[in-house]
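Visitor: just a sequence and a predicted model for now, questions to come.
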Amino acid sequence: MKKTFLIFILLTHVLIGAASEDKVILGNEQTAEYFPLLRGKRIAIFSNHTGMIGDKHLLDILLENQFNVVAIFSPEHGFRGNADAGEHVSNSKDSKTGVPILSLYDGKASRPSEESIKKFDILIVDIQDVGLRFYTYYISMCRLMDACAEFNRKMIILDRPNPNGHYVDGPILDMKFKSGVGWLPIPIVHGMTLGELARMINGEKWLPESRFCDITIIPCKNYTHQTKYQLPIAPSPNLPDMKSIYLYPSLCYFEATPVSLGRGTDKPFKIYGHPNMLGYDFSFTPQSMPGAKNPPQLNHLCHGKDLSQLPNDTIWKRGIDLSYLIDAYQNLNLGDHFFRSFFELLIGNDQIRRMIKAGKSASEIKASWADDVELFKKKRKPYLLYNE
């Protein structure tokens, strides 16, 4: 009996040890790896509300350890993560610590000023991305990389998992459509972490004038590209949970149409509809709320589809699914009035609109970018930090 109990105890310890080994450890949790690089330096951070280490923000931990944090660069949605999509956010001070916040989304500058960059010696990047070409956090990182490269500043990237990092899908951006929602010649779903993407930016000389940014990456531990990492904190107001994050690559194109994708409801990026769409049992009415102050179809009863119960396995298997967009396009029968020019900026080329108008199916359209996806996967391979 005593021997059986000892075996049980040993097995329990083994299982607990295995479980702890399997837990993904973020770059920012590995303070022993980057604290020595910060001593005696003026530090800036690029972060927002997602930059947490346990129950404390990276900013607070740095200050508690007597590091000299001189500035915070904040992305779209602001440092606290509560501003609307595209809303201009002014410079300010962090209410808790008094550290100056320099907004990268104030509607004025495309990248930080020389004055801002010369305030610090090292810039720490600690922010949760979702791995899509039109999600703007990586674009802010690109601009910071360029400024750091020009003015000889170092960057440390505390890497985080990509919740859509298990696949690659979508057309590669035609650079004539480069914009604030598409900055690099990559597919819509690129399948890379910010650390890997930064390596590729340097390696492919994608910064202006082929500049090179001096980066140090603290990789995640126990992470591979097949890890279905659950984000502990919503990365932005209208991506409140994993279902919305998984459906985001398929539904974001409604932003360039009159169709609501659920902003101003409790199911953003999980539903879609319009007041004039017919033949649907599901209805919803967008309301003004924090993070969606003036959503499309505000206060109008919309009819459409609820995708919130779609199994994750189904979403992952389909990848980018344009059948929802095609469904709404055909139902509304608006022709050229359905799409705005913003659509090309999101989708990345001028072919997809034509294919939809020509009556092509979602599978036919997906086939049009399949070769580009395979070429990109080969091109990115040298820059990957984690097993595929």
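Guide: Now that the structure is in, tell me what you want to look at. Source: prediction; values computed, not measured. Residues are numbered from 1 along each chain as shown.
Visitor: what about Pro275, neighbour count?
Guide: 15 (other CB atoms under 10 Å). Just so you know, the C-beta spots here come from the backbone N, C-alpha and C atoms, and that holds for glycine as well.
Visitor: return the residues in contact with it.
Guide: Pro275 makes contact with 297, 300-303, according to CB atoms under 8 Å, 6 or more residues apart in numbering.
Visitor: among those, which are in helices?
Guide: The helices, defined by DSSP state H, take in nothing from these.
Visitor: of the residues you listed, buried ones?
Guide: Among the contacts of Pro275, those buried by neighbour count (16 or more other CB atoms under 10 Å) are 297, 302-303.
Visitor: what's near enough to touch the nearest residue to Asp129 once chain neighbours are set aside?
Guide: The shortest distance from Asp129 to any non-neighbouring residue, by CB to CB, 6 or more residues apart in numbering, is to Tyr137 (4.9 Å). Contacts for Tyr137 (CB under 8 Å, 6+ apart) come out as 75-76, 127-129, 194, 235.
Visitor: which residues of the stretch 151-300 of the chain fall in strands?
Guide: Under the criterion DSSP state E, counting those that start in this stretch, the stretch 151-300 of the chain carries strands at the ranges 154-158, 215-218, 271-274, 282-284.
Visitor: mind checking which of these is nearest Leu307?
Guide: Leu307 lies closest, by CB to CB, to one member of these: strand 271-274, at 6.4 Å.
Visitor: for the closest one, name the packing helices and strands.
Guide: strand 282-284, strand 302-306, helix 323-332 (3 or more CB pairs under 8 Å, 6 or more residues apart in numbering; DSSP states H and E).
Visitor: C-terminal to the longest one, what's the next element?
Guide: Next helix or strand after helix 323-332 toward the C-terminus (DSSP states H and E): helix 342-347.
Visitor: can you tell me how far Pro290 sits from Leu251?
Guide: 21 Å (CB to CB, to the nearest Å).
Visitor: and for Asn48?
Guide: From Asn48 to Leu251 the distance is 23 Å (CB to CB).
Visitor: tell me which of those two has more neighbours.
Guide: Higher neighbour count among Asn48 and Leu251: Asn48, with 26 against 23, using other CB under 10 Å.
Visitor: make sure that one is actually in contact with Ile127.
Guide: Yes. In this structure, Asn48 is within contact of Ile127 by CB atoms under 8 Å, at 5.8 Å.
Visitor: and Ser236, what pLDDT?
Guide: Looking at Ser236, its pLDDT reads 89.
Visitor: count of residues packed around it?
Guide: 27.
Visitor: for His49, see how far away it is.
Guide: Taking CB to CB, one finds Ser236 at 9 Å from His49.
Visitor: ok, Asp121 next?
Guide: Going from Asp121 to His49 by CB to CB gives 25 Å.
Visitor: neighbour count winner among these two?
Guide: Neighbour totals were compared for Asp121 and His49, and His49 leads with 19 against 16 (other CB under 10 Å).
Visitor: tell me the spacing between the more buried one and Lys96.
Guide: Relative to Lys96, and taking CB to CB, His49 is found at 12 Å.
Visitor: with Pro163 instead?
Guide: 28 Å.
Visitor: what ranges of the stretch 1-150 of the chain fall below the confidence cut-off?
Guide: 1-21, 76-91, 105-110 (pLDDT under 70).
Visitor: of Pro163 and Lys96, which one has the most company?
Guide: For Pro163 versus Lys96, neighbours defined as other CB under 10 Å are more numerous around Pro163 (21 against 10).
Visitor: pLDDT score for the more buried one?
Guide: 98.
Visitor: residues in contact with it?
Guide: 130-131, 228-231, 242, 245-246.
Visitor: state the pair within these that is farthest apart.
Guide: Gly131 and Gln230 (14.3 Å).
Visitor: these two - which one has more neighbours?
Guide: Gly131 (25 against 11).
Visitor: so what sits against both of Asn48 and Ile127?
Guide: Joint contacts of Asn48 and Ile127 (CB under 8 Å, 6+ apart) are Pro75.
Visitor: neighbours of the residue lying closest to Pro258 once chain neighbours are set aside, how many?
Guide: The shortest distance from Pro258 to any non-neighbouring residue, by CB to CB, 6+ apart, is to His274 (6.2 Å). When neighbours are defined as other CB under 10 Å, His274 has 23 of them.
Visitor: distance check, His274 against Pro296.
Guide: 9 Å.
Visitor: please name the residues that touch Asn181.
Guide: Actually, residue 181 is Val. It isn't Asn. Taking CB under 8 Å, 6+ apart as the test, what Val181 contacts is 133-134, 136, 139, 345-346.
Visitor: between those residues, which has the most around it?
Guide: Busiest of these [other CB under 10 Å] is Arg133, holding 26 neighbours.
Visitor: just checking, that residue touches Gly170?
Guide: Yes. Arg133 is in contact with Gly170 according to CB under 8 Å; the separation is 7.3 Å.
Visitor: what do those two both touch?
Guide: 187-189, 348.
Visitor: farthest pair in those residues?
Guide: Val189 and Gly348 (11.5 Å).
Visitor: and these two? which has more neighbours close in?
Guide: Between Val189 and Gly348, Gly348 has the larger neighbour count (other CB under 10 Å), namely 27 against 24.
Visitor: over to the closest residue to that one other than its chain neighbours: give its phi and psi.
Guide: Nearest non-adjacent residue to Gly348, counting by CB to CB, 6+ apart: Leu173, 4.1 Å away. Backbone torsions for Leu173, taken as degrees, to the nearest 10, come to phi -60, psi 120.
Visitor: pull the number of nearby residues for Leu173.
Guide: Using other CB under 10 Å, Leu173 has 23 neighbouring residues.
Visitor: great, nothing more from me.
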